[in-house]
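Student: With the sequence up front, the predicted model follows.
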There are 2 protein chains.
Amino acid sequence: MYEGAVQDLIDELGRLPGVGPKSAQRIAFHILQADQADVSRLVEALNQVKAKVRFCVVCGNVAEAEQCRICQDPRRDPGLICVVEEPKDVVAIERTREFRGRYHVLGGAISPIDGIGPDDLRITELMARLGSTEITEIIIATDPNLEGEATASYLARLLGPLGLRVSRLASGLPVGGDLEYADEVTLGRAFEGRRMLNV
Amino acid sequence: MYEGAVQDLIDELGRLPGVGPKSAQRIAFHILQADQADVSRLVEALNQVKAKVRFCVVCGNVAEAEQCRICQDPRRDPGLICVVEEPKDVVAIERTREFRGRYHVLGGAISPIDGIGPDDLRITELMARLGSTEITEIIIATDPNLEGEATASYLARLLGPLGLRVSRLASGLPVGGDLEYADEVTLGRAFEGRRMLNV
């Protein structure tokens, strides 16, 4: 509907995840009226990400060198590995400041519907890491949904026979939430995982 | 939280309208994993919009030449001018295929709260057009909200004394909608603007 260049930009923006036709149009008009310097910064940021960023050869997290900052950090416990689906999960866990070990990013979760099996995830790389360092515990922190649970079970079966401690993040009521609004599966898990207060 | 280039891209994306921190992160990871060719096309589209697109000297619509496609089109009636707030309104009206005249894009609406007065809109340019061509009717198609109505009243007062036909798009119930869900202002307007069926 628009003249060439504006329509091209709307089309390209519309291919980004979560950007519908209306948002694409709104962003395109913002770009059209924005300062050249702001648009140049965005273009530069896009180019830099493609030029500089790669994935850590050890853990699969995003990195600007061969290894990511966490794998390079000697203060992080190499014996504790937290297995996550995506780099954004690393960021979420880092924000808690609770975990001082290292990560392993699978690059997704097992999902037969999407045609993603164990071979499509960085599981071979995880097994290779186990051989080369002394591991005290593997914490499986995949998403608490169908795919994440399937991946956790698969990993637990794979890692169990190696005599390693394998744990899974707790499921239960979100802190600050309202019991009334919890779905029944979450509430069921909260019962299952209840802790004794008087022992 | 992320390493340099990824965080820079998240920050830049987060400055776009309607893109929150979560969407910015999601888009950044999409870019990171996308084909270089796709990202190059997006970068090229951004650069092209800034390089090529400007505003039509006649009507203020987006254009890739001095005049937009509509102003250049000899089949469009030059005596009929539809006044809109933004270029996206031109696209919305073009989609109806109801209007064969030309447009005038104000570049916004009068909004004292946002410090936008008549002098910030392309009203002088509109008055100049009226002097140079024979105009049969001016259709005011600003948004049916407070700012759009204020702008319409202002234009009506300005254009009235010139002996021009000035009209305003009808307000009323949206077609395909449910009377029950119409807000009271819209329903009130629908009563005011009712049409006789038996005349």
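Tutor: Noted; the coordinates are in hand.
Student: CA only for contacts and neighbour counts going forward, please
Tutor: Noted.
Student: pLDDT wise, what is the residue lying closest to residue A:169 once chain neighbours are set aside at?
Tutor: Distances taken as Cα to Cα, 6 or more residues apart in numbering or on different chains place residue A:141 nearest to residue A:169, at 5.7 Å, with adjacent residues excluded. In this model, residue A:141 is scored at 93, pLDDT.
Student: who's in contact with residue A:141?
Tutor: Contact partners of residue A:141, counting by Cα atoms under 8 Å, 6 or more residues apart in numbering or on different chains, are A:82, A:83, A:84, A:85, A:152, A:168, A:169.
Student: So it versus residue A:37, what's the distance?
Tutor: 41 Å (Cα to Cα, to the nearest Å).
Student: okay, the most centrally placed residue in chain A: pLDDT?
Tutor: Nearest to the mean C-alpha position of chain A, by Cα atoms, centre = their mean, lies residue A:86 at 2.3 Å. You'll see residue A:86 listed with a pLDDT of 92.
Student: Isn't it up against residue A:121?
Tutor: No - using Cα atoms under 8 Å as the test, residue A:86 is too far from residue A:121 to be in contact (10.6 Å).
Student: ok, of the contacts of residue A:141, which one's closest to chain B?
Tutor: Ranked by distance to chain B (Cα to the nearest Cα), those are led by residue A:85 at 13.1 Å.
Student: and the gap between that closest one and residue B:104?
Tutor: 52 Å.
Student: neighbour count winner among these two?
Tutor: Counted by other Cα atoms under 10 Å in any protein chain shown, residue A:85 and residue B:104 do not tie: residue B:104 has more neighbours, with 28 against 23.
Student: so that one touches residue B:59, yeah?
Tutor: Yes - look at residue B:104 against residue B:59 with Cα under 8 Å: they come within range, at 4.5 Å.
Student: Between those two, which contacts overlap?
Tutor: Common neighbours of residue B:104 and residue B:59 (criterion: Cα under 8 Å, 6+ apart): residue B:126.
Student: how near is residue A:171 to residue A:143?
Tutor: Relative to residue A:143, and taking Cα to Cα, residue A:171 is found at 10 Å.
Student: Please list the residues of chain A that sit near chain B.
Tutor: By Cα under 8 Å from any Cα of the partner chain, the residues of chain A that approach chain B are A:1-6, A:8-9, A:12-13, A:16-18, A:23, A:25-27, A:30-32, A:36, A:39, A:41-43, A:45-50, A:52-53, A:62-64, A:69, A:91.
Student: What helices and strands are in contact with the longest helix that chain A contains?
Tutor: Longest helix of chain A, by residue count under DSSP state H: helix A:36-52. If you count contacts as 3 or more Cα pairs under 8 Å, 6 or more residues apart in numbering or on different chains; DSSP states H and E, helix A:36-52 packs onto helix B:4-14, helix B:21-33, helix B:36-52.
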